[in-house]
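Peer 1: pasting a predicted model and its sequence here:
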Amino acid sequence: ENATGTDGLQVLHNTEGYMHNNLAIRIKPISWMSVWPTEGELAPGESMDLDVTFDLALVGSGTLDGAVVLDTNDIRVPRTIVPVHIQVIPNNPPQITACAVNPEQGPPGSSFQFVAAAYDPDGSIVGKYWSFGDGSPDVHSFVADHIYATAGVYTATFTAIDNDGYEVTATVKVTVAEAASASWTPGQFDFTVGGGQTATGMLTLSNAGPGTLLFGIGEFPSLVQMPERLVLPEDIKDAEARTASDLYGAHPNPERSGWLPEDVGSVITSWRCPSPIGDPWGVGVLFDSDEVVIADGAVDPTDDYVVTSDGVYTGRYWSANFGGSWSGDMAFDGTYIWQVNVGGDNAIYKIDPVSGQTVGSISNAAWASVSQRGLAYNANDDTFYIAGWNEDVIYKFKGESWDNPGAVIEQWSMPVSIAGLAYHPVADVLIVSCNSSPDMIYFVNATTHLPSSGIQRAEITWESGARLLATATCGSQAGARTRCTWWKPDLDRSAPATG
């Protein structure tokens, strides 16, 4: 209290047993800061370090202001004040930025690799470990290899701990089972049935693999994971861009699907796009002449070049000038090439491959309100499939023989950054290529719309003899060329397909 006893500082009130003989009370003006030593002496020419400690254990978030006050016998500057300003941010737990396993399924005895990553926004990671869900010891590492001895579905957990003791976890599922191998007979049904009658048939499904075969509706390891969309369709700044760069995150599991037959995706032959093609994008196949049509986006407007199936330029080309920004993917209906107009009216245009003349077009506001990229043709019912990364919606619409060409028959979402399409009319499989990290190719059941497996990469179309043509751009630098690859889908079908 003051000398007159009229002003004082209350420390405690009505606290029995606190006061005792020789009690001293130290009053600290700032509870979160201390200086040591608090007193001392320096000979001429000497210096001393004072330890200033900031203890924020009991402080929340916000701004703290104080000062270190030094009283000395320096008659010129008897008091020195060093201001202290601290911005206290909330104490955040660590963040796990990656948590994955490769492969996701394998037989007992297989080696699975687990990979994780984490950081602490306001400190450091002091501990991390994997728990594999089978009672085995934890592994204190970001990357760990583990072998499961017994079949089952396991949940592996990654834990990260920061310097403040906060813990966070992420999990992945691992299926340990022998692989199944499905086959079925017959390959297709052919009936002649009168109106109002009923026909029946027997489909035999067999499992030649050592593992149990599951079928029906459910989640199976063969169903692929989708990448994360980073930019919503309404936020896309350039709807006519040639790439989907930055629209999606990296693919969570870019490995080839382990459920695919061994030969699926194997390269049959490949060649570099011949000069003068500088920036290939769309591709189509002329089944009747065994030639390939490749669009070159390096020129404006786009030029379409005819190349042999061995990669030799035939000397034939035409201008694909539809009034848009550029021209994309193609599909062949047996007589005409159809090509996507990217920009402008966003329609598909009909080209006579003999003369190179544009002889028609199809458009519908349902799918042409925004530019698309991929195109495929279904000769079974004269319909088209069209899609692109702006919406990631696949539309099936009517062809020229229908009452209302362009009208949508069905549509569904497939968020994989769609760049190209192809269709196999016997297997009823829609092939979807995506422009992502890395580029991927998906097999999609065209009836159920379920993607069942994936492989890497690029722009695609079917060719007679059930081969698939893929173009993969190697780069846009001077002198770059694109490699065209024929590869085997191996769907156990012999009929030619369209793309």
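Peer 2: Received it, and whenever you're ready, just let me know what you need. Residues are numbered from 1 along each chain as shown.
Peer 1: wouldn't L450 be in contact with V444 here?
Peer 2: Yes - when contacts are counted by CB atoms under 8 Å, L450 is listed as touching V444 (7.0 Å). Glycine gets a C-beta too; all of them are placed from N, C-alpha and C.
Peer 1: between these two, which one's more packed in?
Peer 2: Higher neighbour count among L450 and V444: V444, with 25 against 16, using other CB atoms under 10 Å.
Peer 1: helix or strand for that one, which one?
Peer 2: Assigned by DSSP states H and E, V444 belongs to strand 440-445.
Peer 1: and that strand, what does it pack onto?
Peer 2: When contacts are defined as 3 or more CB pairs under 8 Å, 6 or more residues apart in numbering; DSSP states H and E, strand 440-445 sits against strand 429-434, strand 451-455.
Peer 1: secondary structure element holding the closest residue to P425 other than its chain neighbours?
Peer 2: Nearest residue to P425 in three dimensions, chain neighbours excluded: N380, at 4.8 Å (CB to CB, 6 or more residues apart in numbering). Taking DSSP H and E as the definition, one finds N380 inside no helix or strand.
Peer 1: for G127, see how far away N380 is.
Peer 2: According to CB to CB, to the nearest Å, N380 and G127 sit 59 Å apart.
Peer 1: next one: A427
Peer 2: As judged by CB to CB, A427 and G127 stand 51 Å apart.
Peer 1: those two: which has the busier surroundings?
Peer 2: Between A427 and G127, counting by other CB under 10 Å, A427 is the more crowded of the two (20 against 13).
Peer 1: export stretch 343-352 as PDB, just CAs?
Peer 2: The C-alpha coordinates for stretch 343-352 follow below in PDB (Å, rounded to 0.1, in the frame of the first residue of the first chain):
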ATOM      1  CA  GLY A 343     -15.100 -22.500 -78.200                       C
ATOM      2  CA  GLY A 344     -17.600 -20.800 -80.500                       C
ATOM      3  CA  ASP A 345     -20.800 -22.800 -80.600                       C
ATOM      4  CA  ASN A 346     -19.100 -25.800 -78.900                       C
ATOM      5  CA  ALA A 347     -20.700 -28.200 -81.400                       C
ATOM      6  CA  ILE A 348     -19.400 -31.300 -83.100                       C
ATOM      7  CA  TYR A 349     -18.700 -31.000 -86.900                       C
ATOM      8  CA  LYS A 350     -19.000 -33.500 -89.600                       C
ATOM      9  CA  ILE A 351     -16.100 -33.800 -92.000                       C
ATOM     10  CA  ASP A 352     -15.800 -35.800 -95.300                       C
END
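Peer 1: tell me which residues are up against that stretch.
Peer 2: Identification of contacts with stretch 343-352 by CB atoms under 8 Å, 6 or more residues apart in numbering yields 239-240, 304, 318, 320, 322-327, 336-341, 357-363, 367-372, 375, 384, 386.
Peer 1: of those residues, buried ones?
Peer 2: The neighbour-count test (16 or more other CB atoms under 10 Å) marks 239-240, 304, 318, 320, 322, 324-327, 336-341, 358, 361-363, 367-368, 371-372, 375, 384, 386 as buried among these.
Peer 1: below-threshold pLDDT in the protein: ranges please.
Peer 2: Low-confidence segments of the chain (pLDDT under 70): 1-3, 5, 8-18, 25-29, 58, 60, 216-225, 253-264, 451-499.
Peer 1: so what's the most centrally placed residue in the chain up against?
Peer 2: The centroid of the chain falls nearest to P227 when counting by CA atoms, centre = their mean (2.4 Å). Taking CB under 8 Å, 6+ apart, we find P227 in contact with 248-252, 415-417, 436-437.
Peer 1: so how far is N378 from it?
Peer 2: From P227 over to N378 (counting by CB to CB), the distance is 27 Å.
Peer 1: go on, G45?
Peer 2: 94 Å.
Peer 1: these two: which is more packed in?
Peer 2: Between G45 and N378, counted using other CB under 10 Å, the more crowded position is N378 (21 against 5).
Peer 1: the spatially closest residue to that one that is not a sequence neighbour: neighbour count?
Peer 2: Excluding the flanking residues, the one nearest N378 by CB to CB, 6+ apart is Y423, at 5.2 Å. Residues near Y423, counting by other CB under 10 Å, number 27.
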